[in-house]
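>>> With the sequence up front, the predicted model follows.
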Amino acid sequence: GAPTLQQDVAHGAETAIVQEQWKQLHATLSKFCNVHLIAPQPRLPDMVFTANAGLVKGSRFIVSRFRYPERQYEEPYFADWFMDRGYEVSLMPRDVPFEGAGDALIDRSGDTLWMAHGHRSISAAREVLYDRLGVDAVTLKLVDTRFYPLDACFFSLEGGYLLYYPPAFDEDSRATIEKRIPAARRIAIDEEDALAFACNAVNIDDAVVVNRATPAFVQAL
């Protein structure tokens, strides 16, 4: 049936809260860097998750191939945005789902590309990324459906440090992480911080912006 007045009021209140949260995030990030915006598009609310737009390395940008149709219409808008700014833009094959920096994170050293598969992106994206960017990807398998993108449970910090939630990965992936990152530079967070999106962070120089954090997490950082 048609929405009731009560439902309209509730939706309006939620929209106002979300818009205010966005403004606060924008203001916080603007203290540490220049923030560039892409225009929103009707019926594409998930465009706010810009990490999923694709993967950037230097002047090259690989556009994501979204697994689900709800987000596939975003692809040309992100491609045009980067193309208009002089990036060399390329597309992933249509049969290779890959969700950009949501599932592939370049280590701060620039030598390693960490790439996840298991929920959205597929491992075959590794070969495409190597051909396009010349970087060898370390693949990690996600096994906890609560953490379906890599950037919800894994984050590379300045200085070679890693922030991650170990139970989100299978045993082989955890072993790979431990082999490549020394224990002194691994910060394993607990479930409470992981569910609060502590790994879905932004690190600019010595500033780390997170959604919220427990005292133990803050102390670890």
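Good, I have the coordinates.
>>> Tell me if Asp111 really is in a helix.
No - under DSSP: H, G, I helix; E, B strand; the rest coil, Asp111 sits outside any helix and is assigned coil.
>>> Let me know how buried it is, in neighbour terms.
If you count neighbours by other C-beta atoms under 10 Å, Asp111 ends up with 9. (Glycine included, C-beta is placed from N, CA and C.)
>>> swap in Ile204?
Ile204 has 12 nearby residues by other C-beta under 10 Å.
>>> Return the residues in contact with it.
29, 32-33 (C-beta atoms under 8 Å, 6 or more residues apart in numbering).
>>> what do you get for Gly159?
108, 185.
>>> Run the chain-centre distance for the longest helix along the chain.
Secondary structure of the chain per DSSP state H: the longest helix is helix 5-30. Centroid displacement of helix 5-30 relative to its chain, using C-alpha atoms, centre = their mean, to the nearest Å, is 22 Å.
>>> any idea which helix or strand comes after it?
strand 54-57 (DSSP states H and E).
>>> any idea how far that next one is from the chain center?
11 Å.
>>> Stretch 185-194 too?
For stretch 185-194, the distance to the chain centre is 17 Å (C-alpha atoms, centre = their mean).
>>> Quote the end-to-end distance of it.
18 Å (C-alpha to C-alpha, to the nearest Å).
>>> What's the separation between the nearest residue to Ala39 once chain neighbours are set aside and Leu29?
Distance criterion C-beta to C-beta, 6 or more residues apart in numbering; nearest residue to Ala39, sequence neighbours excluded, is Tyr77 at 7.9 Å. When C-beta to C-beta, to the nearest Å is the yardstick, Tyr77 and Leu29 sit 21 Å from each other.
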